[in-house]
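**Student:** Here is my input; please provide its structure:
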Amino acid sequence: MKVFLYARKSTDDEERQILSIDAQRNELREYAKKQGLVIVREFVESMTAKEPGTDGPVTAGAGKKTKRRTGE
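**Tutor:** Presented below is the predicted three-dimensional model:
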């Protein structure tokens, strides 16, 4: 079965964000492998509320919102 991988980070607060995006992606890839799933595309979204009122993608590290697609 073909699937999408979606990882999201919604806060910069280390205590509230249990898994980093990389850790989420690693766990999801491992799960897919064990289940015989084929990841056809990965979606990553990072968002913080430090600077409200942003729409759309911006560069990583800007403290607002990042959307990134990887994979084939």
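**Student:** how about low-confidence regions in this structure?
**Tutor:** Within the chain, the stretches with pLDDT under 70 are 11-17, 48-72.
**Student:** Repeat the analysis, applying 80 as the threshold.
**Tutor:** For the chain, the stretches flagged by pLDDT under 80 are 10-18, 47-72.
**Student:** pull the longest strand from it.
**Tutor:** The longest strand of the chain (DSSP state E) is strand 38-47.
**Student:** What are the buried residues along that strand?
**Tutor:** With burial defined by 16 or more other Cβ atoms under 10 Å, the residues of strand 38-47 counted as buried are 39, 42, 44, 46, 47. Quick note: C-beta positions are derived from backbone N, CA and C, even for glycine.
**Student:** Out of those residues, which is nearest to residue 21?
**Tutor:** residue 44 (5.7 Å; Cβ to Cβ).
**Student:** Report the separation between that closest one and residue 8.
**Tutor:** 8 Å (Cβ to Cβ, to the nearest Å).
**Student:** Next, show the common contact partners of these two.
**Tutor:** residue 21 (Cβ atoms under 8 Å, 6 or more residues apart in numbering).
**Student:** Please enumerate the helices of this protein.
**Tutor:** 21-35 (DSSP state H).
**Student:** Quick check: bridge partners of the residue nearest to residue 9 when sequence neighbours are not counted?
**Tutor:** Leaving aside its sequence neighbours, residue 9 sits nearest to residue 46 (Cβ to Cβ, 6 or more residues apart in numbering; 4.5 Å). Note on residue 46: beta-bridge partners residue 9, residue 66, judged by DSSP bridges.
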